[in-house]
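Asks: coords below, sequence missing:
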């Protein structure tokens, strides 16, 4: 197992800037929906480190490797459940005072496979989960949204939470619709918060190689050219461990600061053009090379303003892009992966398999 490569920062997550371990630990139990996934498997570990009791709720479409090492932890439980068939969900939610919702179909390509499947797994499942959580007295509901709701925003300081949104894909439109639906459900006892995540990178127990920095780094380590289509598009980036920390910070924040609000999650130093990302990876991986390909079918192009979460909640990303590239490179050098395009590492491929299986069934 590549445990030695996780979390390159030397900072103790239990005392990270902005995190309030005592407040998180006081929660009756925290449900992490999608807890076996790329982000969820890191978040579950962080919350356990902070003293919380954690209930992972996950359909396990990608397997259980993300949480396998946690199963014997005395404060960890796992319920295998598809939110579209929520039998047993009420029992789990009745034990919890907070929910982090990470589950659903993630990424433009995965969501474009079938509109009906996407709406059921994303908007429909989010609404169902939130309504049941509110009915059971869950106080905090933290939703994983995306900076892709901004679509195209490259002027000035970057896109801010109160500025214009212009989602260009079904994935992004559903995220924005979920945010609004959660605000509409809010009342004096139910307090939703949406975290608009930058493009995530870094090593995780449930690894993904369909994320741009992870994919480019893996190709560089394998001796392949980093193929960049166009490359002038801007993307904000954030390390998976910093994303986990952001969720923990919100779980520990005073309710008036986070209720019915959205926060961008990322680092201003990592608003980068795709071509510049490729060259930074080349600088970190000896022998790596970039192959530029004219044109791009990807119209997303946005820089993002991350001041709100820093100024209001004290959150500061601890990881650097270079550290994240290094941890992926080291992990792949220690234990090479023969096929980074295998289904388990690519959301689109797994989603297509689920869709096909359900059509046959």
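Replies: It's in. In this text, all values refer to a predicted model and were calculated from it rather than measured experimentally. Numbers count the residues shown, from 1 in each chain.

Asks: residues in contact with residue 299?
Replies: Counting by C-beta atoms under 8 Å, 6 or more residues apart in numbering, residue 299 touches 151-152, 168. C-beta coordinates here come from the backbone N, C-alpha and C atoms, glycine included.

Asks: Which helix or strand lies directly C-terminal to the helix or strand hosting residue 44?
Replies: Secondary structure assigned from DSSP states H and E places residue 44 in helix 40-49. Once helix 40-49 ends, the next helix or strand along the chain (criterion: DSSP H and E) is strand 54-58.

Asks: quick one: average pLDDT of the helix or strand that comes right after that following strand?
Replies: Counting by DSSP H and E, the element after strand 54-58 in chain order, helix or strand, is strand 76-80. For strand 76-80, the mean per-residue pLDDT is 96.

Asks: strands paired with strand 76-80, and their directions?
Replies: According to DSSP bridges, strand 76-80 forms sheet pairs with strand 54-58 (parallel).

Asks: Give me the residues contacting the partner strand.
Replies: Residues outside strand 54-58 that contact it (C-beta under 8 Å, 6+ apart) are 29-37, 40, 44, 47-48, 67, 70, 75-81, 89, 92, 95-96, 103.

Asks: Turn the buried ones among those residues into a named ChimeraX selection, would you?
Replies: A single ChimeraX command is used to select the members of the contacts of strand 54-58 judged buried by 16 or more other C-beta atoms under 10 Å:
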select :29,30,31,32,33,34,35,36,37,40,44,47,48,67,70,76,77,78,81,89,92,96,103
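
Asks: can you map out the helices along the stretch 51-200 of the chain?
Replies: For the stretch 51-200 of the chain, the helices defined by DSSP state H, counting those that start in this stretch cover 89-93, 108-111, 115-119, 125-135, 170-185.

Asks: how about low-confidence regions in the stretch 51-200 of the chain?
Replies: Within the stretch 51-200 of the chain, the ranges that satisfy pLDDT under 70 run 154-156.

Asks: same thing but at 80, please
Replies: Applying pLDDT under 80 to the stretch 51-200 of the chain flags the ranges 153-157.

Asks: give me every residue that touches residue 143.
Replies: Contact partners of residue 143, counting by C-beta under 8 Å, 6+ apart, are 101, 126, 178-179, 182, 192-195.

Asks: List the ones among the contacts of residue 299 that fall in strands.
Replies: The strands, defined by DSSP state E, take in residue 152 from the contacts of residue 299.

Asks: ok, and the most crowded of the contacts of residue 299?
Replies: residue 151 (20 neighbours; other C-beta atoms under 10 Å).

Asks: That one touches residue 172, doesn't it?
Replies: Yes: between residue 151 and residue 172 there is a contact at 6.8 Å, judged by C-beta atoms under 8 Å.

Asks: Look up the closest residue to residue 227, ignoring the ones flanking it.
Replies: Spatial nearest neighbour of residue 227, chain neighbours left out: residue 291 (4.9 Å); criterion: C-beta to C-beta, 6 or more residues apart in numbering.

Asks: Kindly report the same for residue 136.
Replies: residue 93 (4.4 Å).

Asks: where's the residue lying closest to residue 117 once chain neighbours are set aside relative to residue 33, distance?
Replies: Closest residue in space to residue 117, ignoring its immediate chain neighbours: residue 355 at 5.5 Å, by C-beta to C-beta, 6+ apart. Look at residue 355 and residue 33: by C-beta to C-beta, to the nearest Å, they are 21 Å apart.

Asks: Residue 305 reaches residue 162, doesn't it?
Replies: No: counting by C-beta under 8 Å, residue 305 stays clear of residue 162, with 9.8 Å between them.

Asks: What is the burial count for residue 45?
Replies: Neighbour count of residue 45, defined by other C-beta under 10 Å: 24.

Asks: Excluding chain neighbours, what is closest to it?
Replies: residue 70 (7.1 Å).

Asks: wait, what's in contact with the residue nearest the centre of the chain?
Replies: The centroid of the chain falls nearest to residue 39 when counting by C-alpha atoms, centre = their mean (4.8 Å). Each residue near residue 39 by C-beta under 8 Å, 6+ apart is listed here: 102, 144, 200, 204, 240, 243-244.

Asks: Now restrict these to buried residues only.
Replies: 102, 144, 200, 204, 240, 243-244.

Asks: Include distance to residue 58 when you put those residues into a markdown table, please.
Replies: As requested, these are exported to a markdown table (distance: C-beta to C-beta, whole Å):
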| residue | distance to residue 58 |
| --- | --- |
| 102 | 9 |
| 144 | 14 |
| 200 | 18 |
| 204 | 14 |
| 240 | 17 |
| 243 | 17 |
| 244 | 16 |
